[in-house]
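A.B. asks: Here is the input, now give the coordinates:
(chains A, B, C and D)
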There are 2 protein chains.
Amino acid sequence: MPIQKVTKQEVVTQALLLFKKRGYHRTSMADLAAACGLLKGSFYHYFSSKEALMKEVLEAVHSYFKAKVFVIAYDESFAPRERLEKMLAKQIKVACATEGGCLMGNMAIETALVTDEFRPVMRAFFDEYLKALAHVYSGKYDALKARQLAEQAMVEYEGAWIMVKLTDSSHYLQDVLERAMLRFDADEKQ
Amino acid sequence: MPIQKVTKQEVVTQALLLFKKRGYHRTSMADLAAACGLLKGSFYHYFSSKEALMKEVLEAVHSYFKAKVFVIAYDESFAPRERLEKMLAKQIKVACATEGGCLMGNMAIETALVTDEFRPVMRAFFDEYLKALAHVYSGKYDALKARQLAEQAMVEYEGAWIMVKLTDSSHYLQDVLERAMLRFDADEKQ
DNA sequence: GTCTATAAAACGATAGAC
DNA sequence: GTCTATCGTTTTATAGAC
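C.D. replies: I've put the predicted structure just below:
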């Protein structure tokens, strides 16, 4: 085997960083290749197209969240309330670790009405995300209410990123976490 | 004097439709000109650049919301609760009238980390939006709580669009409205 | 020699600007 | 319409590991 400058894994990681920060259409293959120390032509030995690369990035994000975030919701070594707090805190921590917020949310906004290519993986991500959150809330609420609370936490989180990006102040994310906990603690009635 | 095929107003309106649906980077000047029945060359008679055009579109949206949406919050001929419901319903109606959701939210996600050009007008929009919502909630809550409730309604609304775009089901927007009303009706304590 | 990851060059299409 | 630049992509050539 000839010398390989980077692994496919590293390419996906670099692409994730760029796509998160600059979006899909504003990130060129030359940018992506340069981030890996390659020329854009060489890039096609790893991926057949920019679209295929983005799909792999989205799938990698989904896998990561399954293994590191969603899994918390089903960890019975913690009480439901603790799981909720840990899962949301982990999600915020992961998203804040690199620039650009939530890639899935960003791509939904940027591409959902332009191409159907990424829709299945994005829908699968948010489906599992909502199921995980609803599972935690179902520790205290009935299935319908749990689902509603999950959807509420999710849309609050995604919307908060708009304000974070515009104001560079991250308190909006912490507020989402706090409100999700308050709703967990609140009485079932109303 | 040469005949002007379309007014600047109409160009801004057509651009708004395209930018909402396809985003900033995926919309070309040729697309925009074609939507107005103009040749590419004629387009720069109206605007000096694509950036300048987008800025005018964003300002037009801001003006429209001031006159048609935010103004509801300050209309003393209705009770605060009615104003809240009318304002949120109007905002949803306006956004749903054409494809693409909320242009301000879309552009914040797509461009905020790529260019500073649009940030001032987007921040001004959300500032006034939050002020309007907080003003309504302040009919029943203290200033801090009113501001928090305003921020919550706003981030819920923006995040809901992600699910609407991915699932083509608009119940997420109605849920945002209903929860905002429930929070208005709720007791001040907790 | 074969295989393969890279660089290099060039493709057609399309971008924004004039 | 024309310009120049750049886009995503493809092709060709090179160089090193078997």
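A.B. asks: Hmm, residue A:85 is touching residue A:181, no?
C.D. replies: Yes: contact criterion Cβ atoms under 8 Å: residue A:85 and residue A:181 qualify, at 6.0 Å. Heads up, the C-betas are built off the backbone N, CA and C, glycines and all.
A.B. asks: Can you pick out the residue with more neighbours from the two?
C.D. replies: It is residue A:85, of residue A:85 and residue A:181, that has more neighbours when counted by other Cβ atoms under 10 Å in any protein chain shown, with 19 against 15.
A.B. asks: Okay, and that one sits in which element?
C.D. replies: Secondary structure from DSSP states H and E places residue A:85 in helix A:80-97.
A.B. asks: same question, residue A:187
C.D. replies: With DSSP H and E as the test, residue A:187 turns up in no helix or strand.
A.B. asks: Where does the prediction get shaky in chain A?
C.D. replies: A:1-2, A:188-190 (pLDDT under 70).
A.B. asks: in the helix ranked longest in chain A, what's buried?
C.D. replies: In chain A, taking DSSP state H as the definition, the longest helix is helix A:143-167. Neighbour-count burial for helix A:143-167, counted by 16 or more other Cβ atoms under 10 Å in any protein chain shown, picks out A:146-166.
A.B. asks: DNA strand D contacts on chain A?
C.D. replies: A:1-3, A:27-31, A:40-41, A:43-44, A:48-51 (Cβ under 7 Å from any atom of the strand).
A.B. asks: Which ones among these lie within helices?
C.D. replies: Going by DSSP H, the helices hold A:29-31, A:50-51 from the residues of chain A next to DNA strand D.
A.B. asks: From those, list the buried ones, please.
C.D. replies: For those, buried by 16+ other Cβ under 10 Å: A:29, A:50.
A.B. asks: Which member of the ones in helices among the residues of chain A next to DNA strand D is positioned nearest residue A:100?
C.D. replies: residue A:31 (13.9 Å; Cβ to Cβ).
A.B. asks: Near DNA strand C, which residues of chain A are found?
C.D. replies: A:1-6, A:37-42, A:45-46.
A.B. asks: Most neighbours of all these, which one?
C.D. replies: Top of the residues of chain A next to DNA strand C by neighbour count (other Cβ under 10 Å): residue A:46, with 21 neighbours.
A.B. asks: residues contacting the residue in chain A that DNA strand C sits nearest to?
C.D. replies: Proximity of chain A to DNA strand C (Cβ to the nearest atom of the strand) peaks at residue A:41, 2.3 Å away. Applying Cβ atoms under 8 Å, 6 or more residues apart in numbering or on different chains, we find residue A:41 in contact with residue A:33.
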